[in-house]
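A.B. asks: pasting the sequence and the predicted model now:
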Amino acid sequence: MSLRAGLVASLALTLAACVSTPEGFAPVPRAEAPRFDPFTFFVGTSAGTGTLDKALSDPVPVRVESSGRILIEPRHEASWDAPPRRVLVIDQTIHEGDKRPRTRQWRLTEIAPGFYEGSLTDAIGPVTGRSEGNRMVIEYRMKGSFKVRQELTLSADAQRAHNVLKVSQLGVTAAVLVEDIIRQP
């Protein structure tokens, strides 16, 4: 093993020991119903509050304000008239600790029942998602080759989602966000 590989392995083990899921949030149990449909849950306004735990840093409070809408977009990828597609657009403002608020936008399309793809302004490349029962898993990559995996679990009344977002690199967890998202009336 080279010196460089040994240093990377040591750093990976150190980081793995530093980041875990923050305590204090009640997870939502996995269930077959209600089905997690992002086109239903994220339309309108919602607010998320949580804690972000990064490697080698103190936990930071996070607050996310979201506003979602559905657009109907024509398709032009074929010579024949393809039916228009529904696109879920979610605009978010993220407040992370003492940092200045930042904005981002999600765009998701259902490509098959329970399967989604789209984009996120923070992502490099496509966003993919799948919904099974009351759980939805979203995956994408961020700058620096970081892999992001979100698991959202819908509550029985479909008004709350528990979100656990993990950021990893080379299989080592570098950050974890645990958040409760509440639909606003």
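C.D. replies: Arrived safely. Given the structure is predicted, the values throughout are model-derived calculations rather than measurements.
A.B. asks: doesn't residue 40 lie inside a strand?
C.D. replies: No - according to DSSP: H, G, I helix; E, B strand; the rest coil, residue 40 belongs to no strand; its state is helix.
A.B. asks: neighbours of it, just the number please.
C.D. replies: 16 (other CB atoms under 10 Å). Heads up, the C-betas are built off the backbone N, CA and C, glycines and all.
A.B. asks: which element, helix or strand, includes the residue nearest in space to the middle of the chain?
C.D. replies: By CA atoms, centre = their mean, the chain has its centre lying nearest to residue 150, at 4.2 Å. Using DSSP states H and E, residue 150 falls within strand 146-154.
A.B. asks: elements contacting that strand?
C.D. replies: Secondary-structure packing of strand 146-154 (3 or more CB pairs under 8 Å, 6 or more residues apart in numbering; DSSP states H and E): strand 135-142, strand 160-169.
A.B. asks: rewinding a little: wait, the residue nearest to the centre of the chain touches residue 130, no?
C.D. replies: No - counting by CB atoms under 8 Å, residue 150 sits too far from residue 130 to count as a contact (11.5 Å).
A.B. asks: what touches both of those two?
C.D. replies: 136, 137 (CB atoms under 8 Å, 6 or more residues apart in numbering).
A.B. asks: tell me which stretches of this protein form helices.
C.D. replies: 3-18, 38-41 (DSSP state H).
A.B. asks: now tell me which of these the model trusts least on average.
C.D. replies: Of all these, helix 3-18 carries the lowest average pLDDT, namely a mean of 41.
A.B. asks: give me the pLDDT for the residue nearest to the centre of the chain.
C.D. replies: Residue 150 is given a pLDDT of 98.
A.B. asks: ok, back up a step: which of the helices and strands packed on strand 146-154 sits closest to residue 84?
C.D. replies: strand 135-142 (23.6 Å; CB to CB).
A.B. asks: just the C-alpha atoms of that closest one, please, in CSV.
C.D. replies: Taking Å, rounded to 0.1, in the frame of the first residue of the first chain, the C-alpha atoms of strand 135-142 are listed here in CSV:
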residue,chain,number,x,y,z
ARG,A,135,-40.8,6.1,1.2
MET,A,136,-39.0,7.9,-1.6
VAL,A,137,-35.3,7.7,-2.3
ILE,A,138,-33.5,10.4,-4.3
GLU,A,139,-29.9,10.2,-5.5
TYR,A,140,-27.6,12.6,-7.3
ARG,A,141,-24.0,13.8,-7.3
MET,A,142,-22.6,17.1,-6.2
